[in-house]
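got a sequence here, can you build the structure:
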Amino acid sequence: MDLTDLLAPAAANAVRIVAAVPADLLDAPTPCDGWDVRTELNHLVYWTGRGGPAARKEGPGDGPGEDHDFTADPGFADHFAAVAEDAARAWRDPAAWTGNASLTGDGPGMPAPVIGGMVFGEWVLHGWDLAVATGRPHGITDEIARAAYDGAASIAAMAREYGAFGPEVAVPADAPVLDRLLGVTGRDPRWKP
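Numbers count the residues shown, from 1 in each chain. So this is what the prediction gives:
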């Protein structure tokens, strides 16, 4: 499925969710085992910031490392909005989807469509995680969920091998596509804080 037209709405939805996270819930648990809201936010901000450079086939550039607490920075939600918009715009360029790309800047990377799908998936999945952890609506449309499911299902075995996805959570075959996406990525669609 072509993600080009879905990246901007997925990014905007993630930006909306991040902007609504209350400071008093930063230590709250999330559906990602062992991660609180702060950890999830920091992960999302860090990897989203690498999405634009990956699309442009640039190195990741200078900036804080993965261990940086972005939530302690003034205006971190505005920073996230800026890097999400940059990434969504960069992936609209057809050249972004050609050759290889890398989020880390190491080695030859992976096929660019895999990396673009990973950036998209970060917004959808971690957006859902943060929304349910903080009691906000997730805002994920069926179209976005379908595209994220198709991408996640195609890399699920590799993602589990590298620890990016947890063990698959069984959901009925006729469950809504969002539930199937959550299950294949190791999330329980019924998770509550």
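
mind giving me the packing neighbours of the lengthiest helix in the chain?
Longest helix in the chain by number of residues (criterion: DSSP state H): helix 112-134. Helices and strands touching helix 112-134, by 3 or more C-beta pairs under 8 Å, 6 or more residues apart in numbering; DSSP states H and E, are helix 7-19, helix 37-49, helix 51-55, strand 100-101, helix 142-161, helix 177-184. C-beta: built from backbone N, CA, C; applies to glycine.

switch these over to TSV; also include mean pLDDT, mean neighbour count and distance to Asp67.
Listed next are the helices and strands packed on helix 112-134 as TSV, based on pLDDT from 0 to 100; neighbours: other C-beta atoms under 10 Å; distance: least, C-beta to C-beta, whole Å:
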stretch	mean pLDDT	mean neighbour count	distance to Asp67
helix 7-19	98	21	19
helix 37-49	97	22	8
helix 51-55	96	25	19
strand 100-101	96	20	24
helix 142-161	93	17	22
helix 177-184	97	22	27
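
so for Gly117, which of those sits nearest?
Minimum separation from Gly117 across these (C-beta to C-beta) falls at helix 142-161, 3.8 Å.

quick one: that closest one to helix 112-134, angle?
Per axes from the mean of the first three to the mean of the last three C-alpha atoms, to 10 degrees, the angle that helix 142-161 makes with helix 112-134 is 100 degrees.

which outside residues touch helix 142-161?
With contact meaning C-beta atoms under 8 Å, 6 or more residues apart in numbering, helix 142-161 is reached by 1, 3, 6, 9-10, 13, 114, 117-118, 120-121, 124-125, 140, 165-168, 176-178, 180-181, 184-186.

for the nearest residue to Trp47 once chain neighbours are set aside, which residues are in contact?
Spatial nearest neighbour of Trp47, chain neighbours left out: Glu122 (5.6 Å); criterion: C-beta to C-beta, 6 or more residues apart in numbering. By C-beta under 8 Å, 6+ apart, the contact set of Glu122 is 14, 44, 47-48, 51.
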